[in-house]
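Trainee: Structure of the sequence below:
(2 chains)
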Amino acid sequence: MLDRELKKGSAELLILSLVQDRPRHGYDIGQLIELRSRGTLRFNIASLYPLLYRLEKRGWIRGRWVEKAGQRRRRYYRLTSAGKKILAAQRDGWREFVEAISLITGIQHA
Amino acid sequence: MPDFKEEIRKRLVALNLAPTRENEIVEELSQHLEDHYEQSLRTGVSGDEAYDAALNELRASDLSGPLKQIERRVQQEPVVIGRDGNANLLSDLWQDLRYGLRMLAKNPGFAAVAVIALALGIGANSAIFSVVNTVLLRPLPYKNPERLVMVWEENSKQGFPRDTPSPANFIDWRDQNHVFESMAAIVEASFNLTGAGDPERIDGHGVSAGLFSLLGVEPQLGRAFRSEEDKPGGSHVVIISYGLWQRRFGSDPGIIGNPINLNGKSFIVVGVMPRTFQFPTRKDQLWVPLAFDAKEAGQRGSHYLEVIARIKPGVTLQQAQAEMTTIATRLQQQYPETNTSIGAVVTPLHEQVVGDIKPALLVLLGAVAFVLLIACANVANLLLARAAVRQKEIALRLALGAGRARLIRQFLTESVLLAALGGGIGLLLAVVGLSVLKRFIPPNISQAQAITIDAKVLIFTVLVSILTGLIFGLAPATHAANFNLNDTLKESGRDSAAGSRGNRIRGLLVISEVAVSFILLIGAGLLINSFLHLRNVDPGFRAERALTMKIVLPEPRYADKEQRGVFYRELIRRVETLPGVSSAAVATNLPLTESGNSVGVSIEGHADPAPDRVPIVITRIISPRYFETMGIPLLKGRAFTEEDKSESESPSVIVVSETTARSFWPGEDALGKHIKVGSPSNNDNKWLTVIGVVKDVRQFELVVEPKPQMYLPFTQANFFEPRALVVKTNLEPLSLAATVRKTVWEIDKDQPVSDIASMEHIVSESVARQRFSMLLLGIFAGLALVLAAVGIYGVMSYSVAQRTHEIGIRMALGAQKKDVLKLTIGQGLKLVLIGVAIGLGAAFILTRVIASLLFGVSATDPITFVAISLVLIGVAMLASLIPALRAMKVDPMFALRYQ
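Mentor: Alright, predicted model coming up:
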């Protein structure tokens, strides 16, 4: 069954998934969501950053200021070990939800 | 590059963030907008357009709203960060306490339910402990009370394992032993106190002169008795109680050395005892010297004393007992006629005082402990359910590095806090409960009125509260400690919140609640059952609408039975003319007043029995129409009439009970048979002819099988005098009391009337002890049942709420409502049945403890066991029915969408 937080939107799952492989900064995350959903999902600045901060407060992701030669410092977010567990759980939960919906509605996975 | 910082900062002002935090956010967000701006430029738009596009993203939605939620929430919830070692234990405790209080304030419903359950459990414990503390634990109010003993004659052969000693035996014991510092005898005595004010009946004791120094209590005013006052012909002296001194003599210290009028004789008051002194019971208000005359001192065959002794320091109870046995054996050889089979038995005074009530109190103490355990289980359940809700919080703390020990401490602090609140309210409940409880404590418990909540009870309550908090806090705390972050986070994803282990613990708690309340219910069921048996015992008389009172004629004024006869006949005549009175009678003792006389008799034509086989017959001396007034059925022959005059004028007659008739003359007609009072060798007494047979009456206690009884007309019997008046009426008995008392005073204005009571009241008082145990155990069992039902309800509701989604899917897949009902009730029933099975086993063993409190039912009475099982299962089903009905109403679509 789905977590209450997840119910608000799949946003947490999306963000956790995006920072799973490597650390990303906020703008990067926003762009990737838009890109990979082929424009269906968009986050503006007022929804993306509060969400990031919340995930960070929960200890699921962690932001670090990173300075690279010749660049401004940027805040990169990476997945913590607690976040990894949450991600796995939320993926399971999501899958179950989708399966449950398909059981009833008859919609099959593509 | 345009600067977005000011635009962003403007929108953050309202949040009032810490400056460093604000700077970080401003920096990060402005970078975002710069990225946006740069990207727009790359698509070929102008700088102004790119700037507008970036700024539009900022303007499009409210930034401070969502940020406010997060930033404020984080600041508000103080995160307990784990520390190593015991550093800051105190500040941690303070933090935990504050946090705990806040958590309780946030969930007032939860807090109220938990605190009430605990208050009931702890309050019951404190109340019963105060009784135990006062009655069983507090030393008797005498000097070195542990060395005080009672010494009894032991005559088990005739059914008296603890018999009152005869004067001659007492004197021999006192003179021959080397184990007691001193020994004193007492005998009940009551006095008509006349003079200033209404005549009054005062209970007291005749006592050996040394009694007060033996007890180690000196009079508060005046002096104790001198040994020369304890001799026949000595001056008449009296020591009075503080209460009597206060009430009747206005606390006048000048009373010492002055005379008061007792039974028509003048007695000099030599002492006033302290306020706290009571001996042997709180009823006693005056004491006079025993002063045996030579004839009394030589009495070995009549047993009416109570003997108290103080063991010498260094002598054990066993040594004292051994010495007394030796002396008693010597007396048996010396005086075979009177002392055959009479031994001596030494019992601690404390045991004597509390002996009757001790088993009941210990059972009750166990019962309240059980009630508390159930309350603990309930609260533990609540806490577990809440722990499930708080899993996020726990996970967060663990993730942030809180130590498990620190978490356990936090949880235990919260539980103990709850228990302390419960304990505080419980103590208030105990105070209220005690005032009610005192009314049901059997009157013969001498310390009953002294029961209070003292320091010991307070300490007990505090300890119990802390212990309680630790016990019920342990399950949720260890649950939190064994918290597997991984599992939890995963499960929380699926919202099976508490997880399977939580469910298991909850199940176990329900099982133990059911088992423990089952044991209590069985105990209560058995006591109720036996009380019903007791109330259904036929006492042999009809108690309805009978008024009784005590009228003891003082000796100087009514020296012989002729004078007494005149008074009684006149009294009965006048009372019987009162409106509403159908008949009246006098008797030596009323049934069930735990007093009375019995005599040894000889049966005509029977061989002389051995000295220890002389038949003992309970003897009541009565006026005509006593049987009619008391409703004792006449089975054969006739009752006494006015024609049964004194021995010189008419034949000596008696009426016997059916047991007497059956055991003295088996298979024969008792009418016309003869017996006489005293042993066969004593030929002075007249043969008495049996003229009637009446039904057996339970004379001493309802639980005691009737023994042989006989009745003599008050015109003929010289050895005991009537003391009780019974009036049969068709009115409410007590409404007649004043009129009857006035009638007494019309005949003799100095004659006290006491112990006014309806016969029904006397019957009900005689089972006060049984009612006390039954009532309390019943209340506690009821409490246990309610708590257990609430517990079952709670667990089932929780489980249904948890499974809403599952139930929804089942119904979507075609499950019918009745399947859902079966599923839910089945789950509850399973737990209950396991609990009942465990309770059954435990009850089989534990009910043996209350076997001594039972009457007419066995400790393993199958009917009680079956009935209680059914009641408990029924209540449990009901408790799980409500959640089950809720489960049935689950709308599958809603259940799925809900998540």
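Trainee: Give me the distance between residue B:574 and chain A.
Mentor: Separation of residue B:574 from chain A (C-beta to the nearest C-beta, to the nearest Å): 88 Å. (Glycine included, C-beta is placed from N, CA and C.)
Trainee: That residue and residue B:742 touch, don't they?
Mentor: No - applying C-beta atoms under 8 Å as the test, residue B:574 and residue B:742 come out as separate, 10.0 Å apart.
Trainee: More neighbours: the two, which one.
Mentor: Between residue B:574 and residue B:742, residue B:574 has the larger neighbour count (other C-beta atoms under 10 Å in any protein chain shown), namely 16 against 11.
Trainee: List the residues that contact that one.
Mentor: Shown in contact with residue B:574 (C-beta atoms under 8 Å, 6 or more residues apart in numbering or on different chains): B:743, B:746, B:747.
Trainee: how about 10 Å then?
Mentor: Contact partners of residue B:574, counting by C-beta atoms under 10 Å, 6 or more residues apart in numbering or on different chains, are B:581, B:584, B:740, B:743, B:744, B:746, B:747.
Trainee: That one: which element?
Mentor: helix B:561-577 (DSSP states H and E).
Trainee: quick revisit: what is the nearest of the contacts of residue B:574 to residue B:160?
Mentor: Set against residue B:160, the nearest of those by C-beta to C-beta is residue B:584 (34.1 Å).
Trainee: Tell me who's in contact with the closest one.
Mentor: B:546-547, B:568, B:571-578, B:623, B:625-626, B:628-629, B:725-729, B:740, B:743.
Trainee: what's near enough to touch residue A:73?
Mentor: Taking C-beta under 10 Å, 6+ apart as the definition, contacts of residue A:73 comprise A:64, A:65, A:66, A:67, B:27, B:28, B:31.
Trainee: Report the buried residues of whichever strand or helix holds the fifth one.
Mentor: Put plainly, it is residue B:27. Using DSSP H and E, residue B:27 maps to helix B:19-42. Within helix B:19-42, the residues scored as buried using 16 or more other C-beta atoms under 10 Å in any protein chain shown are B:22, B:24-37, B:40.
Trainee: Show the overlap between those residues and what lies near chain A.
Mentor: Restricting the buried residues of helix B:19-42 to those near chain A by C-beta under 10 Å from any C-beta of the partner chain leaves B:24, B:25, B:27, B:28, B:29, B:31, B:32, B:33, B:34, B:35, B:36.
Trainee: can you list these in CSV and add pLDDT?
Mentor: Shown next, in CSV, are these (pLDDT from 0 to 100):
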residue, pLDDT
B:24, 86
B:25, 88
B:27, 88
B:28, 89
B:29, 89
B:31, 88
B:32, 89
B:33, 89
B:34, 89
B:35, 88
B:36, 88
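Trainee: which two from those residues end up farthest apart in space?
Mentor: B:24 and B:36 (19.0 Å).
Trainee: and the gap between the closest residue to chain B within chain A and residue B:376?
Mentor: Residue of chain A nearest chain B, by C-beta to the nearest C-beta: residue A:89 (3.2 Å). Distance, residue A:89 to residue B:376, by C-beta to C-beta, to the nearest Å: 34 Å.
Trainee: Same check on residue B:45?
Mentor: Taken as C-beta to C-beta, the span from residue B:45 to residue B:376 is 71 Å.
Trainee: returning to what we had before: more crowded one of residue A:89 and residue B:376?
Mentor: residue B:376 (28 against 21).
Trainee: Need the nearest residue in space to that one, chain neighbours excluded.
Mentor: residue B:472 (4.0 Å; C-beta to C-beta, 6 or more residues apart in numbering or on different chains).
Trainee: any idea how far the one you found lies from residue B:459?
Mentor: 21 Å.
Trainee: circling back: most neighbours, which of the contacts of residue B:574?
Mentor: residue B:584 (28 neighbours).
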